[in-house]
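Asker: Sequence plus predicted model, see below.
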Amino acid sequence: MMMDTERARDALHCIPADLPRDEWVNVLMAGQSAGLDVDELRVWSEQGSSYNARDFADTLRSIKPGKGVGAGTLFHVAAAHGWRMNKPQQQQRPRKATIRPVVALPAPRAGMVPADVLARCVPATEQHAYIVRKGAAGVPLESLRILPADDALRIGGQAMAGALVVPAYAETGELQSLQLIPSQGKKMNLPGYAMAGASFTVGTPQADAPLYIVEGIGQAWAIWQATGHAVVCCFGWGNVATVARAIHKKDSAARLVLVPDVGKEADARRIAAELGCLVACLPEGEPPNFDCNDYAQREGADVLADLLESASEPPKPAPLLLPVDVAGVFTHPSAPPRFVWDGYLPRGVVSLLSAHGGVGKSFIALMLCVAVATGRELFGIATEPACVVFVSLEDSGDVVRHRLAHICREWGIAPEQIAQHLAIVDGTANPELYSADRRDDGLTTATYAELCEIAKGAGLVVIDNSSDAYGGDEIQRRQVRAFIRHLAAIAKSNDAAMLLLAHVDKATSRARKAEGGEGYSGSTAWNNSVRSRLFMSRDDSGTLKLEHQKGNHGKQLREPLSLFWPCDGLPQVDSAPTGVVAHIADSVNTKALLRLIAEFAERGEHVTSATTSRTNAAKLLATESTFPKGLKSADVFNLLRRAERAGQLARVIHRGADRKPRECWEVTSKGREFAGLAATAATAATYGVEKVTAPTAEECGDCGDSARGYGGKSAHTVTAKQPFPGTREQGQQP
């Protein structure tokens, strides 16, 4: 009866090593659980054509002993490939073994040493089924052997009796391993003896003749028949680079010619460029893995010989460091940087707009898209008309359309007029543009490929947002740089401004660390890789602040913008008035509004602070003869908000006869003084007034992104506080 590890070893080598990666990993995990050591698993894995030593080591390190796939999986997979125990033993629960470090290879089974196997073989003849199938009549057979028909050798559960035996020699000339090719079935390498660096040469190399390098013995025979020149068989494409480097190191004058199977041309050109050798590629249009033996049998040895004669050096790669014209900076000057949004968004590069969640960056970015699509200013700053693509990876298309409708209504834009200049795509189902595992370079996705097509001809591309688009580690500098480079490639190919929206982490936002220069999270590569960076925040009074924190293509950073966002409107500039005339006009208008609010209060009427009410301040006050002429609704709300911040107005809760609370404006003593009103004034009886504090950023919640202007209700939830000092309760007299 076999020991458990012997059963596992026998089962393992019945499984082909060329499995899909996920199945290959499962077999490694199951093998470990069955007690097989690292070297046994490596020997099995090396039989695969895509074996990579580094990948194998990384995978083994990621597997935790005793966890994951059990030993039963190994036997289940082996059974699916024809493995059966000669003497089934009583079913036992698979035990989970702990991996122990192994210093030396396990002792081979009796009769499995390459020299011992070769010693019991007989000379090869042209009548062997594999030689006949490959049309290899007349090829050199001196070093080839055939395993006797009664030999008991089995590899991976497959009988090797009658197999053609090809010796695999190390660089030093010593016998390293064997490849056995049965009349029917797959080629198998001798277990326990790695093929890495091993080769077999058909023919005798000549000093001035080409030396061909191929993957398998069948290709080597075809080339020898066609040319008479020596050919090196490497026992798998993964071994070609190792063997070619060893030959080149030993004889740098050797005329090496790589002859890859179809599908491996690019790798062959890379190796040839490294070693300075030639490549002979098969005609285009052949199926994958079609090789020169297949070609010779179909077209004839003479046609193959002509193809090999046409072997050429791979094209030299384009220089990685491009020279820049210095002498012509005056005679052939470069164009100055162009901006889609003046000073903020340069063309041909990536810019970053960061903010904490809920501040309103998505909405303002969509406003920018509409402004660029129509060529209008945004916050008083010029835009350059261009076609725009807005890529929504976080919010559904319906949410974006809802916001767009609000913007178009407020700006008086017919949506059909901008449809040909503005494209909005919903990528919430497949948001990642770039994906990376661990510390690798990562790859772009199918979504990225689609974006490349959609962005053609656009002057502005907005991606909302990085946390959905970026599938790597935000603190891995290499991955962040790679991601930004891929976005920059789209920007450069279209001479477009690329704006990437990003969240900052909660700790950065709360600590106010982002304001004044550090408005990003994760690796410094987020800041260093983009050419312009903006940061948006909201203070306790609800005012938005848009800072330009980095600008490589402008003469200087733009001044910060303060934005006021009325609940039923769009964000607008809320900066101090400029110029003496503007300042005087605002002062006069503010005084007039304060007087009107005070007059209404003295008559027992109250001016609501709600901007969406049918009787809001702009509509109610405009009915009075002393209302400033030419003052628009937005101007009224803007002036009242400034008066509130200046302490001239306060929000109070008024309870009328119906006892329903209503938030209203009240002129403070400071405001009365500013407006030239008496310090105190008699007022009509009221039913109750409570003080209201201005809403904080937390109370505003996510109104920056969704609540404002979408339903006819105020976005701020106002909570009644303690009774306002000096107010009268119901029934009190002045």
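Answerer: Yep, that arrived. Numbering: from 1, shown residues only.
Asker: what residue lies at the spatial centre of the protein?
Answerer: When CA atoms, centre = their mean is applied to the chain, the residue found nearest the centroid is residue 434 (2.0 Å).
Asker: For that residue, give its distance to residue 352.
Answerer: Counting by CB to CB, to the nearest Å, the separation of residue 434 from residue 352 is 15 Å. Every residue, glycine included, has its C-beta placed from N, CA and C.
Asker: again with residue 153
Answerer: 64 Å.
Asker: Break down the stretch 201-350 of the chain into its helices, ranges please.
Answerer: Remark: helices assigned in the stretch 201-350 of the chain by DSSP state H, counting those that start in this stretch are 217-227, 240-250, 265-275, 292-299, 301-309.
Asker: residues in contact with the longest helix anywhere in the chain?
Answerer: Counting residues, the longest helix in the chain under DSSP state H turns out to be helix 580-602. Identification of contacts with helix 580-602 by CB atoms under 8 Å, 6 or more residues apart in numbering yields 577, 606-607, 617, 620-621, 624, 626-628, 631, 635-636, 639-640, 642-643, 648-649, 665-667, 671-672, 674-677, 681-684.
Asker: Report the buried members of those.
Answerer: Among the contacts of helix 580-602, those buried by neighbour count (16 or more other CB atoms under 10 Å) are 606-607, 617, 620-621, 627-628, 631, 636, 639-640, 642-643, 648-649, 665-667, 671-672, 674-675, 677, 683.
Asker: Now intersect these with the helices, please.
Answerer: 617, 620, 621, 636, 639, 640, 642, 643, 671, 672, 674, 675.
Asker: which pair in these spans the largest distance?
Answerer: 620 and 674 (21.0 Å; CB to CB).
Asker: remind me which residues of the stretch 201-350 of the chain are low pLDDT?
Answerer: In the prediction, the stretch 201-350 of the chain carries no residues with pLDDT under 70.
Asker: same question, the stretch 351-500 of the chain
Answerer: 438-439.
Asker: if I look at the spatially closest residue to residue 395 that is not a sequence neighbour, how far off is residue 399?
Answerer: Nearest residue to residue 395, sequence neighbours excluded (CB to CB, 6 or more residues apart in numbering): residue 362, at 6.6 Å. The spacing between residue 362 and residue 399, counted by CB to CB, is 9 Å.
Asker: Name the residue in the two with the higher neighbour count.
Answerer: The neighbour count for residue 362 versus residue 399, taken as other CB atoms under 10 Å, is higher for residue 362 (26 against 17).
Asker: Pretty sure that one sits against residue 501.
Answerer: Yes: shown here, residue 362 and residue 501 form a contact pair, counting by CB atoms under 8 Å, at 6.6 Å.
Asker: hey, what's in contact with both of those two?
Answerer: With CB under 8 Å, 6+ apart, residue 362 and residue 501 have common neighbours 464, 465.
Asker: Number of residues surrounding the closest residue to the residue nearest to the centre of the chain other than its chain neighbours?
Answerer: Closest residue in space to residue 434, ignoring its immediate chain neighbours: residue 483 at 4.6 Å, by CB to CB, 6+ apart. Burial measure for residue 483: 29 neighbouring residues, criterion other CB under 10 Å.
Asker: Name the residues that touch whatever helix or strand residue 483 lives in?
Answerer: Element membership for residue 483 (DSSP states H and E) is helix 477-494. Residues outside helix 477-494 that contact it (CB under 8 Å, 6+ apart) are 347-350, 433-434, 436, 439, 441-442, 444, 448, 451-452, 455-459, 461, 463, 469-470, 472-474, 496-498, 500, 522-526, 529-530.
Asker: In contact with the residue nearest to the centre of the chain, which residues?
Answerer: With CB under 8 Å, 6+ apart, residue 434 has these contacts: 442, 443, 444, 445, 448, 469, 470, 471, 472, 482, 483, 486.
Asker: And for the first one, the neighbour number?
Answerer: With neighbours defined by other CB under 10 Å, the count for residue 442 comes to 22.
Asker: Excluding sequence neighbours, find me the nearest residue to it.
Answerer: Per CB to CB, 6+ apart, closest to residue 442 is residue 436, 2.9 Å.
Asker: Would you check that that neighbour makes contact with residue 474?
Answerer: No: counting by CB under 8 Å, residue 436 stays clear of residue 474, with 10.9 Å between them.
Asker: joint contacts of those two?
Answerer: Counting by CB under 8 Å, 6+ apart, residue 436 and residue 474 have no shared contacts at all.
Asker: ranges for the strands of the stretch 101-250 of the chain?
Answerer: 122-123, 145-146, 154-155, 158-159, 164-169, 175-181, 188-189, 200-202, 210-214, 231-233 (DSSP state E, counting those that start in this stretch).
Asker: and the fourth one, which strands flank it?
Answerer: I take that to be strand 158-159. Strand pairing for strand 158-159, using DSSP bridges, gives strand 154-155 (antiparallel).
Asker: on that earlier part again, which of the contacts of helix 477-494 fall within strands?
Answerer: 350, 434, 444, 461, 463, 470, 497, 498, 500 (DSSP state E).
Asker: Same list, these, but as TSV with distance to residue 260 please.
Answerer: Output for those, formatted as TSV (distance: CB to CB, whole Å):
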residue	distance to residue 260
350	38
434	30
444	26
461	39
463	39
470	36
497	43
498	38
500	40
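Asker: what sits against residue 223?
Answerer: Counting by CB under 8 Å, 6+ apart, the residues that residue 223 touches are 212, 214, 229, 231, 259, 292, 304, 308.
Asker: Of all pairs in these, which one spans the longest distance?
Answerer: 229 and 292 (13.0 Å).
Asker: Would you mind telling me which of these two has the busier surroundings?
Answerer: residue 292 (27 against 20).
Asker: correct me, but that one touches residue 283?
Answerer: No: contact criterion CB under 8 Å: residue 292 and residue 283 do not qualify, at 11.1 Å.
Asker: wait, doesn't residue 543 sit right on residue 571?
Answerer: No: applying CB under 8 Å, one finds residue 543 not in contact with residue 571, separated by 10.3 Å.
Asker: shared neighbours, those two?
Answerer: Joint contacts of residue 543 and residue 571 (CB under 8 Å, 6+ apart) are 563, 564.
Asker: more neighbours, those two?
Answerer: residue 571 (20 against 16).
Asker: OK, contacts around that one?
Answerer: Contacts of residue 571 by CB under 8 Å, 6+ apart are 360, 363, 364, 367, 379, 544, 563, 564, 565.
Asker: With residue 573 instead?
Answerer: Residue 573 neighbours (CB under 8 Å, 6+ apart): 379, 380, 561, 562, 563, 564.
Asker: Give me the neighbour count for residue 338.
Answerer: 15.
Asker: Next one: it from residue 39, what distance?
Answerer: 61 Å.
Asker: Could you list the domains of this protein?
Answerer: 4-80, 114-296, 342-356+381-397+412-537, 580-723 (automatic domain parsing).
Asker: Is it possible to get CSV of those that adds distance to residue 375?
Answerer: Listed next are those as CSV, based on distance: least, CB to CB, whole Å:
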stretch, distance to residue 375
domain 4-80, 51
domain 114-296, 46
domain 342-356+381-397+412-537, 3
domain 580-723, 22
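Asker: So which of residue 153 and residue 352 has more stuff around it?
Answerer: A direct count of neighbours by other CB under 10 Å for residue 153 and residue 352 places residue 352 higher, at 24 against 20.
Asker: Would you agree the more buried one falls within a strand?
Answerer: Yes: when DSSP: H, G, I helix; E, B strand; the rest coil is applied, residue 352 is found to be in a strand.
Asker: who does it bridge with?
Answerer: According to DSSP bridges, beta-bridge pairing links residue 352 with residue 500, residue 533.
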